[in-house]
Structure formats: C-alpha cells, structure tokens
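>>> Below is the sequence, then the predicted model.
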Amino acid sequence: MNTWTIMSYELRRLLRSRSMLLNMFLLPLVLIFLLGSSLSGVMGNGKDSTIEPVNVGIISQSGEGLASSAMVASFLKTPEISKIIVPLEVESRKTVESGLRSGKYGYAVVIPANFDSEVQSGGAAKLEYILGKDRTDNMVVGTVFDNFLSSINAKQAVALTLGPEALTAEATTSGDHALVTLGKLSEGGMTYTASQFYAVSMMLMFLLYSGLTVTTSLFNEKENHTLFRINSMPVTGSQLFIGKMLGVGIVSIFQCIAILLLSHWFFGVDWGNRPGLLLLFCLLMIIASMTLSIIISLFSKNLAGARSLITVITVIMTFISGGMAPLPESWVNSVGVYTLNHWAMQAILRMMLHSGLSQILPNLAVLSLICLVLFSAAVISYRRVGYHE
Amino acid sequence: MSLAVLTDVVKRYNDKLTVDHVNVTIQAGEIFGLLGPNGAGKSTTISMICGLLKIDGGDIRIDGLSVSANPLEVKKRIGLVPQELALYDMLTAEENATFFGRLYGLRGKLLKERVAEALAFTGLSDRAKEKPSTFSGGMKRRLNIACAIMHRPKLIIMDEPTVGIDPQSRNHILDSVKALNKLGSTIIYTSHYMEEVAAICDRVAIMDKGHIIACGTEKELRERVAQEEKIVIKAGQITPELIHELKLHPRISRVDVKDGLIELYLPSSQGELQDILFIFAKHEGIIGSLHIEEPDLETLFLSLTGRTLRD
C-alpha cells in the first residue's frame, strides 16, 4: 500500500511540473517534426525515385547534328534510352550553354567530328559532356553516356583482340532476359522515411532521458529533506524505491505512447505492424534507462554531477548508435552495437519495414539481457550504497 | 512508565565517537529536553531513536520494542519533526499532510479527519489548499509539525523546530508542544536555545561531544550549578597582580576576564565578598559594579564545559 501511495504522489508531482511536461511531451514531437521534414531530402521519402526524361542538347562539331553520328543516333533511339533522354539538336555551343543556364536543357553532349569513323578505325570513343544545374539529371545522363562509351570501347577491344567473330558470338549469347535483379532492403520491400527514422531516434533518446527524471526525483527527495522524513516513517526502503520507480516509469510510458500516437496522427509516422512488440521494446528501454540512472545516482554526490553524466551518456549513445544520422561504415558504427539505442532502434526500424520476427527477436533477446544486467547492478548498488540523506 | 530507554548507545563515524555511551530514560508523558551546542550529538541520537541511523553499540527501546529489532513497529509509534523543512512544494498543505498520513497507515475517513485536525491544530486550516511555497517561514514550520502528528504518535521528536522563525511563530510552536503533551504524547525536544528548553521541558539532558554531561529537572540542574556561584565585577583598572591574587584565593575556583569584566566562580559568595573587596582595595582596583548571577542552564553548561551553548 505504501508503494502505491508513493507511486501515486510521485505521479502527481511529476504531472504538475510544467517544464518536465514540456521536455517530455512537446520537445520530442517538435524535434521529430523538424528533423523529419528538414532531412527528408537526405533520407528519402520511403518510395523508389522515378527518373523524369531529361532534355539533352546535342551539338555536332561537324555541324551536321545527329546525322553526323549514326552510332549516337541509333543509341538515342533505343526504347530504353528514349524514356530517359530527349535529344534536342542545337546549332552552337553558345546556344546550348545559354539553354543549360536557363534550364531549357538539363545536359549537353558534344559529338566530335568524325566520331563514327574514328571509332570504326580503332580509336577510342570520346564525347564531351556539359553538365546542367540538376545534380540528379547530370548523374543520370552522365551514366547513360558513360555506359554507351564503355560498351563501344569494350566491343572495340574484343574485336581487336579476338577478331570480329567474337563480337558476333557475343551478340548471339545475350538474350532478352534481365541480367540484373534488384534486391530489397527488407522482406516487405519497403524503406523508411526521414520522419520514421527520426521518430524512432528521438523517441529512444527521450526514453533514455527518462532516467534523468529518476535522478532528479531521487536527488530532490534528498535536497528537500523529505527522504529523511520518509525514512523515519514505517516505510521500507524497497517500498520507497519501487514506488518512485513506478511513478517515473508510468510517466515515461505515457510519454512513449504520446510520441507514438501523436507522431502517427500529426506527421503520418508509420510505426510498423507489431504494436505489442514495439511497446515491449519501449518498456525495455525505459527499464534500462531508469536502472542505468539509478546506478549513476547512487554513486553521484549531487544532482548536477549525475545529470551531466546521464546527459553525456545519452547523447553519446544516440550518436554512435546512428540516431542523429545514419552513419557510414566505420569504427563508430562498430562501437554502436554496445549502446542501448542500437538494439532498440534497429528492431523498431525493422518493424517499420514489416520485417519478419526472425530479424527482430535477436534484438529483443539482447536488450532483455542488457536490462537484466543493469537491473541486477542497480539492486546490488542499492544494497551496498543505500538511499538516504 | 518508561517510554524510551537508551542504554549505552554508541555511534561512530570512522573512528570518531559521535555518541559516546549515552544512557537516558524518558518517562511516558514528559517533555524531555535535549540541550547542547551544534555538533554535540543531539541529531545523531535522534536519528538513532527514529531508526534512521544504525546503532553501533548499546540498545534503544521505544515502548518496550528494540529499534534495531523492530524498526517499522517503532517508527509507527514515533512522529519526527525534522530540523529541516521536509515538505513538497508541488503539493498543497493538505496534500502534504495526506501523503505523510497515508505513509503512517491512515486511510479513508480517518485520514481526512486527522489531516483536518492536524492542520487546525497548527493553525493552517484556512491555508490548506495552498502550496507551502506561498507560506511564511513560521507557517512552513507549523506544517512541518502537522505532517508528523496525524497518527497521534506516542513519542513526538522535535529537532530544533524553532530555528529561524519569528517570535510569534516560535511562541505558537512552543504552545503546540505543550498542547500535544497534554493530549498524551511524550515529547523529546532538542534545541540549543536554553530559554525554550527551560520554558517547556519537564526534564533536560545536556549533551556535549557525544556525552550526556547532566540530566535532570531544571530545578535539579540549577541546584547543581548553585553549588558554584558567579560574581561579575566591572573594574576600572585590572592589573595582572590583582588577577593573580584573586586566583590565589582558596575559595575561588576560576577567574575569567572578558571585556573589562572579571568573572569569579566560587562555591558561595557569602563570607567571601569582604575578602574580594579587600583584594581590590589592596591593588587600588576601582569597582564600577558588582553582581551575583542567578545560575541557569547556560551557566551549568559553561561550568561543565568551559564553553557557552552557542560557541
């Protein structure tokens, strides 16, 4: 009964603190919105990109336009390429440069005089590219023409070394079947959006911060001398401790549910297809963060020291787990597996991608083990250090 | 009947004895004062009585129960008013009292009645719905008391409850202590204000450096001091020779010189005044004034320790 009393009054006090409510409920949502919307260009929007046809200015140095090169003309007429490139013959370099600046053309290609005859006589296939203003258009058209030149040069090399028969043989072996099959990141064939990524990252970071609420509560009880009074009452240490933890834990669960629901309603964040498992991961994160904070609090002399340490740990764990931005393969990424965030974040992202249980359960096992270790360490620390003024 | 019995109680911090073999018996129904300067060991003793600190030696029994063996049962019988304000600023006065009342095991209608009773007793009924942050220092002190008395404990321990408050609130608290005692509670009252202890306590123990150096009723303690009187002389000219000769007097046990005043301690001034005046005349010492001080607890503490309570 004492545990219930302590828990209910802890809840009452926490819910009356405006600054705490703002930090716990409003700040994560604002960050999810800001990061999700501002970084959507970097992270993608969860859908495959479609390539729009690009107007490509074609200039022939011989002044004959596309007619100067049958090879280039036939390449541009193939159905696959005509979906991507719209060739527009231009008379002069000056005109095409002006068109590139104004956006009339997305890219320009200069065909050298005698391109075809040069290639047929065994010379290297070379074209001049003039890049436009759009990075994606430049990349797409550049890749198309690079492939065209590579293909010609490769065929030329084959003909020179193996003879013209080898080219004929190569043509008969290639069929209509696709040479490349596109793989998918997840079983469900989906990718996550920036909003989804930062919703997970920010929620986990703020759940880690729930440990800070525990620390503040434990130290406030000391600094207000109410701990001294409670210890003089018929209340056991475990009743006091469990009551306080339950109070903070319930607020953290409210916080977690609020982030899940509000981010879904307001920003359209899809949290995946396993709500039960999602809540379980959140609960484990809350337990882990609270027990970690208890250990730090028991060994800290004052609130300022404990707060600083917890804040630093939280920010570092969020960063090296790739929570601020997906990290490239490096030692930082390797260290990330030792963070709480890593296991929860990867699991929740997989849930968002509708991955199978086999991809999620190992993370659940590791996170549960971490919680068990931290919980045991907190119990041992409490027994050794105690909680008194 | 004894309500609290402290037998050879010892508390050590590292190797230092903070409470050194303290033996005290407090009778049911009395107001027992614990007087001593800061650092004397009063708060440590109280913390051990309340089960807040482990006893390193000896035993404390409250209402026949050992604190070490039955801490929770003992705590039910005690109401502690801590020296520091122990209140939640986020809760109203009524909520503070209700919270602590629930922890003392009160529930439902009884809890409501007792909360209202405690707030009325401390004169805070009309401020029940307000938060302590809006209260004056004296009101906070009264709420601090209200939160400790709702379960009508057999033993109420008040640790310096009047520190830093105005005289009006101080009087209110002292009246409350007497009223609580009349309602049946035994009270342990600690203070370093000698006048407070003398005004309300039935018996007083004086602590210094972890020891009980004197214990008894105020009358008994005064009689003990009365065996040694203090004569205070304001002298115009104090020479070393004068002081030396006063010290040589066989009946004078101690001579102190402070701010132009000579303080003489001796068993009785009767019959010795003439000698003292003769010594002054011999050394051409001019006496501005002379008075014999009434012995009090401060004098007793001074005579026992050589220091004042506020040193």
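Looks like it came in fine. Residues are numbered from 1 along each chain as shown, chains lettered A, B, ... in the order given.

>>> The top strand by length along chain A: how far from the chain's middle?
Longest strand in chain A by number of residues (criterion: DSSP state E): strand A:54-60. Averaged C-alpha coordinates place strand A:54-60 at 37 Å from its chain's average position (CA atoms, centre = their mean, to the nearest Å).

>>> What is that strand packed up against?
When contacts are defined as 3 or more CB pairs under 8 Å, 6 or more residues apart in numbering or on different chains; DSSP states H and E, strand A:54-60 sits against strand A:85-89, helix A:93-102, strand A:107-111, helix A:135-162. The C-beta positions use only the backbone N, C-alpha and C, and glycine is treated the same way.

>>> Would you mind listing the buried residues in the longest one?
Along helix A:135-162, these residues count as buried under the neighbour rule (16 or more other CB atoms under 10 Å in any protein chain shown): A:137, A:138, A:140, A:141, A:144, A:145, A:148, A:152, A:155, A:156, A:159.

>>> now the residues you listed as JSON lines including distance to chain B?
Output for the buried residues of helix A:135-162, formatted as JSON lines (distance: CB to the nearest CB, whole Å):
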{"residue": "A:137", "distance to chain B": "60"}
{"residue": "A:138", "distance to chain B": "60"}
{"residue": "A:140", "distance to chain B": "61"}
{"residue": "A:141", "distance to chain B": "65"}
{"residue": "A:144", "distance to chain B": "67"}
{"residue": "A:145", "distance to chain B": "70"}
{"residue": "A:148", "distance to chain B": "73"}
{"residue": "A:152", "distance to chain B": "78"}
{"residue": "A:155", "distance to chain B": "81"}
{"residue": "A:156", "distance to chain B": "82"}
{"residue": "A:159", "distance to chain B": "86"}
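
>>> In this structure residue B:249 contacts residue B:279, no?
Yes - with contacts defined as CB atoms under 8 Å, residue B:249 counts as touching residue B:279 at a distance of 7.2 Å.

>>> the domain parsing of the chain - what is it?
By default, I'm working from chain A. Here the domain parsing of chain A from automatic domain parsing is A:2-45+A:196-385, A:54-174.

>>> wrong one, I was asking about chain B
Domain assignment for chain B by automatic domain parsing gives B:2-220, B:227-294.

>>> The first one: how far from the chain's middle?
Here domain B:2-220 is found 11 Å from its chain centre; the criterion is CA atoms, centre = their mean.

>>> Is any residue of that domain near chain A?
Yes - interface with chain A: domain B:2-220 contributes B:50-52, B:72-73, B:75-76, B:78, B:80, B:82, B:84-91, B:95, B:99-100, B:102-105, B:147-148 (CB under 8 Å from any CB of the partner chain).

>>> Could you pick out the buried ones from these?
Among the residues of domain B:2-220 next to chain A, the ones that count as buried by 16+ other CB under 10 Å are B:50-52, B:75-76, B:78, B:80, B:82, B:84-88, B:90-91, B:95, B:99-100, B:102-104, B:147-148.

>>> Mind checking which of these land in strands?
Per DSSP E, those map to strands at B:78, B:80.

>>> contacting residues around the worst-scoring helix or strand of chain B on mean pLDDT?
Lowest on mean pLDDT, DSSP states H and E among the helices and strands of chain B sits helix B:297-305, with a mean of 71. When contacts are defined by CB atoms under 8 Å, 6 or more residues apart in numbering or on different chains, helix B:297-305 is touched by residues B:35, B:37, B:194, B:197-198, B:204, B:206, B:208, B:213-214, B:218, B:221-222, B:224-225, B:228, B:230, B:265, B:293, B:307-309.

>>> That helix: which residues count as buried?
Across helix B:297-305, burial judged by 16+ other CB under 10 Å covers B:297, B:298, B:299, B:300, B:301, B:302, B:303, B:305.

>>> ok, which stretches of chain B are strands?
B:2-13, B:16-27, B:31-35, B:57-62, B:65-66, B:78-81, B:155-159, B:186-191, B:203-208, B:211-217, B:229-235, B:254-258, B:261-266, B:287-293.

>>> For residue B:118, find the nearest of the ones you listed.
Closest of those to residue B:118 is strand B:78-81, at 10.0 Å (criterion: CB to CB).

>>> Can you tell me the strand partners of the closest one and which way each runs?
Strand B:78-81 sits in its sheet next to strand B:155-159 (parallel), going by DSSP bridges.

>>> Spell out which parts of chain A neighbour chain B.
Within chain A, the positions lying close to chain B (CB under 8 Å from any CB) are A:1-2, A:5-6, A:9, A:12-13, A:16-17, A:224-226, A:228-236, A:388.

>>> Which members of those residues are classed as buried?
The buried subset of the residues of chain A next to chain B (16+ other CB under 10 Å) comprises A:2, A:5-6, A:9, A:13, A:224-226, A:228-235.

>>> Narrow those residues to those in helices?
With DSSP state H as the criterion, helices contain A:2, A:5, A:6, A:9, A:13, A:226, A:228, A:229, A:230, A:231 from among these.

>>> residue contacts, the second one?
Contact analysis of residue A:5 by CB under 8 Å, 6+ apart lists A:243, B:99, B:102, B:103.

>>> For the stretch 201-350 of chain A, just list every one of the strands.
Taking DSSP state E, counting those that start in this stretch, the stretch 201-350 of chain A contains no strands at all.

>>> which stretches of it have low pLDDT?
The model of the stretch 201-350 of chain A has pLDDT under 70 over residues A:326-330, A:332.

>>> go on, chain B?
For chain B, the stretches flagged by pLDDT under 70 are B:225-227, B:294-295, B:303, B:306-311.

>>> With distance to residue A:372 added, can I get the strands of chain B in a markdown table?
Below are the strands of chain B laid out as a markdown table (distance: least, CB to CB, whole Å):
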| stretch | distance to residue A:372 |
| --- | --- |
| strand B:2-13 | 37 |
| strand B:16-27 | 41 |
| strand B:31-35 | 48 |
| strand B:57-62 | 40 |
| strand B:65-66 | 38 |
| strand B:78-81 | 38 |
| strand B:155-159 | 42 |
| strand B:186-191 | 46 |
| strand B:203-208 | 49 |
| strand B:211-217 | 51 |
| strand B:229-235 | 71 |
| strand B:254-258 | 69 |
| strand B:261-266 | 70 |
| strand B:287-293 | 71 |
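
>>> I am finished for the moment; much appreciated.
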